[in-house]
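Engineer: with the sequence up front, the predicted model follows.
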Amino acid sequence: MPGLSREKFLRGLKDPFAAWQAVRARARGQCFTLWCRLFRPRITIGRNLILDGKLIVRGPGRVTLGNDVIVSMRVTPFTYDANSAIEIGDNVFLNGTRLGCKEKISIGSRCILAECRISDYDFHSIDPDHRNDPDYVRYKPVTIEENVWIGTDCTVLKGVTIGRNSTIAAMSLVRSNVPCFTVAGGNPAIVIKELKPSSQPAR
């Protein structure tokens, strides 16, 4: 079979149920990609989407997924304006991630996003007389650079940029920028560790 290495074939023989799940996830990804091309032109999906969970896309804006994206659990990229844009890079793992976008959310390649919430939009105003007045509700783009890991139950608020190669600890509230090569955590999240680039090649 094209693209099936001997190693993968032997792994499949050892665990046929896992092999079946992998094949099913790839087939579901291909079907969803084709359905979007035919009926949802505002959703753009690259090559080899692996759909191991549910991908629920709602709203009038654009959603773009790069190549080799993995979707697990229930992932919900929602847009709230026709000009909204959610852009997800190549080789990103989305594991129960919730995204709410009024203007723009950009996620770089090779990110790992757990069951967290990312939003560029406040949804309601802090002004008690204008809770649901859109003119009073603030929004600002969110940028997550490449190779970022965001842990479970994190919340990333509007206007935040998380630098490349950073990690956000579980249950953190990120309301200000996070530098590259750092570990941040807490409520509000602060830098708790600085990282050095690895001298060893990735394996």
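Structural biologist: Yes, it's here.

Engineer: residue at max distance from the center of this structure?
Structural biologist: Distance from the C-alpha centroid of the chain peaks at Asp129, with 34.1 Å (C-alpha atoms, centre = their mean).

Engineer: what about it, distance to Lys102?
Structural biologist: Distance, Asp129 to Lys102, using C-beta to C-beta, to the nearest Å: 21 Å. From N, CA and C alone the C-beta is placed, and that goes for glycine too.

Engineer: Val71 now?
Structural biologist: Distance from Val71 to Lys102, counting by C-beta to C-beta: 23 Å.

Engineer: just for this protein, where's the confidence low?
Structural biologist: For the chain, the stretches with pLDDT under 70 are 1-13, 199-203.

Engineer: got the CA coordinates for stretch 187-203 in PDB?
Structural biologist: Output of stretch 187-203 as PDB, limited to C-alpha atoms (Å, rounded to 0.1, in the frame of the first residue of the first chain):
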ATOM      1  CA  ASN A 187      -3.700  33.100  37.100                       C
ATOM      2  CA  PRO A 188      -2.700  35.400  35.600                       C
ATOM      3  CA  ALA A 189       0.000  33.500  33.800                       C
ATOM      4  CA  ILE A 190       3.600  34.600  34.400                       C
ATOM      5  CA  VAL A 191       6.900  33.300  33.200                       C
ATOM      6  CA  ILE A 192       8.100  30.600  35.600                       C
ATOM      7  CA  LYS A 193      10.900  29.200  33.600                       C
ATOM      8  CA  GLU A 194      13.100  30.200  30.700                       C
ATOM      9  CA  LEU A 195      14.100  27.500  28.100                       C
ATOM     10  CA  LYS A 196      17.300  27.100  26.100                       C
ATOM     11  CA  PRO A 197      17.100  25.900  22.500                       C
ATOM     12  CA  SER A 198      18.000  22.200  22.400                       C
ATOM     13  CA  SER A 199      21.400  21.400  20.900                       C
ATOM     14  CA  GLN A 200      20.200  17.900  19.900                       C
ATOM     15  CA  PRO A 201      18.300  17.300  16.700                       C
ATOM     16  CA  ALA A 202      14.700  16.300  17.000                       C
ATOM     17  CA  ARG A 203      14.000  12.600  16.700                       C
END
